[in-house]
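Peer 1: Quick one, structure for this:
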Amino acid sequence: MNGISQAAVTKGVWLLTTGLNEGVSKLIGQSVRRYRLLNKKSSNPTIIGLTSWGTVTKHTRKVLTWQTSRNIEYTTLTDFAGKRAPTALNYDEKKTLDKHHSHFILLDNGRLGGYIDDNPRSDFVKKVQHECECRAITIIVEGGLNTLQVIKNDLKAKRPVIIIHGSGRLANVLGALLEASSKETKPTYKESL
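Peer 2: Got it, this is the predicted structure:
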């Protein structure tokens, strides 16, 4: 994670994750924060969380709805039922937003639960690359079955994909397959005579 953290604090670099308070997204957020503290980096990295509105918890949706629909006065917050409105995310919840991300893009597909497919991320990266004339690299750390779509979309768009073999799950499987396929078969003694 040190390499990712070091890249994150580099001027002009954006990191894109699911932005959730779990798994690799949380680990990246924590690692970047730790790196900044230990190396006295004052730059504010751009870490963008891209996820579905329906993926985050009900509490998180309530907090975000309240905060975006009102000009917040933290001292007198009450919701429409007369109860005190939630003003802070609960970071004990895995499906809330990670506090170390700088920006969030929440997509609403009308469903609660589950995750979005990779098309919105791929389209976002394509648009940013076109508008900013910048490069994009995908780094696969761990990963699940949805990661196959990420890799497919990126290779189709001619974006480099780096797989961190040893980070777990799909990254290990793909790393092992790539290692096995790259080994040349050695000719036997008879074949060389």
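
Peer 1: use CA for all of it now, contacts and neighbours both
Peer 2: OK.

Peer 1: all strands of the protein, in order?
Peer 2: Secondary structure of the chain (DSSP state E): strands located at 14-17, 46-52, 103-107, 138-140, 161-163.

Peer 1: residues making contact with the longest one?
Peer 2: Contact with strand 46-52 is made by 8, 13-20, 29, 97, 100-109, 115-116, 121, as judged by C-alpha atoms under 8 Å, 6 or more residues apart in numbering.

Peer 1: Single out the most deeply packed of the strands of the chain.
Peer 2: With neighbours taken as mean count of other C-alpha atoms under 10 Å, the strands of the chain reach their highest mean count in strand 46-52, at a mean of 21.

Peer 1: Quick check: which of the strands of the chain is nearest to residue 175?
Peer 2: Closest to residue 175 of these is strand 161-163 (C-alpha to C-alpha; 6.9 Å).

Peer 1: For that closest one, which strands pair with it and how are they oriented?
Peer 2: strand 138-140 (parallel) (DSSP bridges).

Peer 1: Now do the strand it pairs with: everything it contacts.
Peer 2: Residues outside strand 138-140 that contact it (C-alpha under 8 Å, 6+ apart) are 147, 154, 159, 160, 161, 162, 163, 164, 171.

Peer 1: The third one contacts residue 134, correct?
Peer 2: No. Counting by C-alpha atoms under 8 Å, residue 159 stays clear of residue 134, with 11.4 Å between them.
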